[in-house]
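Asks: Sharing a model that was predicted from the sequence below.
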Amino acid sequence: MNRWIIVPAAGTGSRFGGEVPKQYQMLNNKTVIEHTLERLLAVDESIIVVAVNTEDNRWQELEVFNHSRIRTVHGGDERADSVRLALECLQREADTDDWVLVHDVARPCVRVADIQKLVDNLKDHKVGGVLAIPVSDTVKRVLNGADIESSEDRTQLWAAQTPQMFRYGLLSWSLKTAVRDHWKPTDESAAVERLGHTPQVVEGSRDNIKITRSEDMAIAEAIMNYQQETL
């Protein structure tokens with residue numbers, strides 16, 4: 001049984017702003033995508049498939065583009081499309097029960113130990129699961145953009161992170177079904193859940209942030225500096 005890693009990196013980062021997509025922003029003398037791939041390459045000998053935009057002219061300029069364990073595929077308009085296309089490029093090599101880890105390109109601070117924890121905890125699971133953290137803030141359900149309707153019971157709420165790890169066959173079918181039904185899942189777990197399966201959460205770390213807006217870069221830099229001093 002093999003493990004494969006997929007990194008959807010075809011997004012243009014509309015919420016981030018600016019002409020340079022967030023995966024190519026500089027963070028401690030490297031691009032965000034280089035930091036992310038560095039962490040993933042440290043886990044094991046898995047092949048990593050990076051799904052990039054068809055108009056991306058930056059990716060192949062990076063040294064990591066030529067790494068022996070990294071492959072490139074053209075992604076789609078949505079995250080789920082990019083993951084599905086990456087899965088399709090593996091269909092002649094991957095077995096149904098192989099594990100696939102999908103990781104956000106904009107999570108460069110993920111701890112290698114947490115990725116390994118995910119793999120170890122789920123290795124015998126029939127479905128798979130996700131890194132996640134318990135919600136600590138009070139969560140409000142809001143209507144009309146500003147009106148609070150209710151407060152949610154946070155004791156049962158977890159914030160999903162990545163990597164998310166699922167069996168190759170199940171994940172492929174889940175995403176194909178989503179396309180068939182014209183439904184756009186926000187993550188892999190949602191697609192799997194929709195078919196009636198029950199993924200598992202594996203507790204991760206709060207410093208595994210997702211860079212979404214430009215101000216997140218300073219937070220990511222501070223986290224990386226802290227990790228270098230303490231890990």
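Replies: Perfect, I can see it now. Being a predicted model, the structure only gives us computed values, none of them experimental.

Asks: and the longest strand for the protein?
Replies: Determined from DSSP state E, the single longest strand within the chain is strand 158-167.

Asks: Could you pull out the buried residues of that strand?
Replies: 160-167 (16 or more other C-beta atoms under 10 Å). Using the backbone N, CA and C atoms, a C-beta is placed for each residue, glycine as well.

Asks: same question, stretch 29-49
Replies: Residues of stretch 29-49 classed as buried: 30-37, 39-41, 43, 46-49 (neighbour count, 16+ other C-beta under 10 Å).

Asks: And that stretch, end to end?
Replies: End-to-end span of stretch 29-49 (C-alpha to C-alpha, to the nearest Å): 24 Å.

Asks: Show me what the mean pLDDT comes to for it.
Replies: When pLDDT is averaged over stretch 29-49, the result is 97.

Asks: give me the number of residues near L87?
Replies: By other C-beta atoms under 10 Å, 24 other residues sit near L87.

Asks: hang on, the earlier thing: what is the nearest of the buried residues of stretch 29-49 to Y24?
Replies: For those, the closest approach to Y24 (C-beta to C-beta) belongs to T31, at 5.1 Å.

Asks: Not counting sequence-adjacent ones, nearest residue to the closest one?
Replies: Y24 (5.1 Å; C-beta to C-beta, 6 or more residues apart in numbering).

Asks: measure the one you found to D216 for me?
Replies: Distance, Y24 to D216, using C-beta to C-beta, to the nearest Å: 15 Å.

Asks: D207 too?
Replies: 12 Å.

Asks: E193: what secondary structure?
Replies: Look at E193: counting by DSSP: H, G, I helix; E, B strand; the rest coil, its state is helix.

Asks: give the contact list for it.
Replies: Residues counted as contacts of E193 (C-beta atoms under 8 Å, 6 or more residues apart in numbering) are P199.

Asks: Check the one 5 residues further on too.
Replies: Shown here is T198, whose contacts under the criterion C-beta under 8 Å, 6+ apart are V127.

Asks: Any chance of the backbone angles for it?
Replies: phi -120, psi 90 (degrees, to the nearest 10).

Asks: Next: the one 3 residues further on.
Replies: The phi and psi values for V201, taken as degrees, to the nearest 10, are phi -90, psi 140.

Asks: How about N57?
Replies: phi -110, psi 10.

Asks: cool, and L157?
Replies: phi -110, psi 130.

Asks: pLDDT at the residue lying closest to it once chain neighbours are set aside, what is it?
Replies: Spatial nearest neighbour of L157, excluding adjacent residues (C-beta to C-beta, 6+ apart): V135 at 4.1 Å. At V135, the pLDDT value in this model is 96.

Asks: repeat for G145
Replies: pLDDT, read off for G145, is 85.

Asks: next one: G13
Replies: 64.

Asks: got a list of what the residue nearest to A106 when sequence neighbours are not counted touches?
Replies: Nearest non-adjacent residue to A106, counting by C-beta to C-beta, 6+ apart: I211, 4.3 Å away. When contacts are counted by C-beta under 8 Å, 6+ apart, I211 touches 16, 22, 25, 32, 106-108, 217, 220.

Asks: what's the answer for T230, then?
Replies: T230 neighbours (C-beta under 8 Å, 6+ apart): none.

Asks: circling back to that earlier point, I'd like to know which of the buried residues of strand 158-167 is nearest to A191.
Replies: Among the buried residues of strand 158-167, and counting by C-beta to C-beta, the member closest to A191 is F166, at 8.9 Å.
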